[in-house]
Structure formats: C-alpha cells, structure tokens
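Peer 1: Dropping the sequence and predicted coords here.
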Amino acid sequence: MDRLRVFIAVDIDDPLLVSRISGVIDALTSLGVPLKPVEPGNLHITIRFIGEVPRDVVNEIIDRVLSKVKFKEFDLRLRGIGAFPSTLRPRVVWIGVENGYSELKALRDQVESGLRGLGLRPERQEFKPHLTLARVKGARNISSLIRFMEGYRDYEFGVMKVRVVRLKKSTLTRSGPIYETLWEVKA
C-alpha cells in the first residue's frame, strides 16, 4: 500500500519575511557550526506532524478533518530566536511566534480532535508553535551559535497574514525534504 509522510502547516511565504529569515539563515551558516539549514522555500510552522500513513488515510484526513476546519484570517508575528531543548544545548534553532499563538492553537485543537476521530494517535508533546531555521549536527563552534542566538533573542522579524493552512507531503531525500501541497484550507 502506498504510504505518504504528511503534516499540516502554515507556510511562511510573505516575501519580506522570507528575505529577512533567509538573511539570518545565511548568517547562521557562516558561524562554522555544523548544521542543516531549512531551505527558504520550505519555511513553515507545523500545526500537526502526522507521519507516514496510507493514501486512503490521507484522503480521510482531507474529507473528514480538513474540510471541516474553520478559521478567520489572522496576523502572525515572528520574533526572537531560540532553540530546543535549550539555547545552551541547541539541537533545533527556531524563530518564535509572538502574535497568532491562540489562533494557531485553535487550529491545532480542531485538527487534533478530527484526527482522534479517525483513530490516529494523539500528539503527546505540548504545542509550541515555532519556525525551524536549522538543525544542529555537532558541537563545533557552539559558543558562537549561543552568542548569535542571544543577539537575536528579541529580534522582530515581522508580521504576515495567515489566510491558508496546508496539508503537506514530505519526501525525504539526501539533500533535504521536498514538500508538496496536497490540500488547502482557506480562511
């Protein structure tokens, strides 16, 4: 049976925001820290990672979950750089969500409820919306990364209107993931 690796997300596609974020990613990659940056065309905020499921389950997600999701257009403000699990032990470097958290959480709750109705396992982790910039692959020059993040702790990246939520297919390749939109929910 054909299986697809899927997730639900808000794409960061505002040209000014993408430009600012790309500049920060370029600066990150120049620090000499081993990391895998996110490609500018792949910038997104994950609402719910679903994982690998059969194609017929993807169709059910569209028909029984996403077709029922409702939301109004809202502003999303991106601000500050941080890391998981912490800025002193960074593994994932991210940009935070300052405004739009409650709207993203409401979307997440709708999606989660619908997915449970399909019998999919609920998400165990607390919802922490963020925009991943890079995954750290080693400790070389980590102190320069920590200083860099401190300098961007309160940096204002900007605001974009969220008008669409997408079901994305992720194909993993050696050079990085390739994302394809399978379905859109518009405000």
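Peer 2: Alright, I've got the coordinates.
Peer 1: hey, where'd the helices end up in the protein?
Peer 2: In the chain, the helices defined using DSSP state H lie at 15-29, 55-60, 101-117, 142-151.
Peer 1: Give me the distance between residue 115 and residue 47.
Peer 2: To residue 47, residue 115 is 11 Å away according to C-beta to C-beta, to the nearest Å. (Each C-beta comes from the backbone N, C-alpha and C, glycine too.)
Peer 1: Low-confidence ranges, this structure, go.
Peer 2: For the chain, residues meeting the criterion pLDDT under 70 lie at 1.
Peer 1: right, and the helices of the chain - which one's nearest residue 3?
Peer 2: Of all the helices of the chain, helix 55-60 sits nearest to residue 3, with 7.3 Å by C-beta to C-beta.
Peer 1: For the closest one, buried residues please.
Peer 2: If you call a residue buried by 16 or more other C-beta atoms under 10 Å, then helix 55-60 has these buried ones: 57-58, 60.
Peer 1: who's in contact with residue 37?
Peer 2: Residues counted as contacts of residue 37 (C-beta atoms under 8 Å, 6 or more residues apart in numbering) are 25, 28-29, 133-134.
Peer 1: Contacts for stretch 106-121, please.
Peer 2: Under the criterion C-beta under 8 Å, 6+ apart, residues 8, 47-48, 50, 53, 57, 60-61, 64-66, 68-71, 122-123, 127, 165 lie in contact with stretch 106-121.
Peer 1: From the structure, what's the count of residues near the closest residue to residue 159 other than its chain neighbours?
Peer 2: Distances taken as C-beta to C-beta, 6 or more residues apart in numbering put residue 77 closest to residue 159, at 4.7 Å, once the chain neighbours are dropped. Counted with other C-beta atoms under 10 Å, residues neighbouring residue 77 total 15.
Peer 1: So which residue is dead centre in this protein?
Peer 2: The centre of the chain sits closest to residue 45, judged by C-alpha atoms, centre = their mean, with a distance of 2.7 Å.
Peer 1: from what I can see that one touches residue 10, true?
Peer 2: Yes - at 4.7 Å, residue 45 counts as touching residue 10 under the criterion of C-beta atoms under 8 Å.
Peer 1: what do those two both touch?
Peer 2: The contact sets of residue 45 and residue 10 overlap at 76, 104 (C-beta under 8 Å, 6+ apart).
Peer 1: ok, back up a step: could you flag which of the contacts of stretch 106-121 are buried?
Peer 2: By neighbour count, with 16+ other C-beta under 10 Å, the contacts of stretch 106-121 hold 8, 47-48, 50, 53, 57, 60-61, 65-66, 71, 165 as buried.
Peer 1: Tell me which stretches of the protein form strands.
Peer 2: Listed in chain order, the strands of the chain (DSSP state E) span 3-11, 35-37, 44-54, 74-86, 89-99, 130-136, 156-162, 164-171, 178-186.
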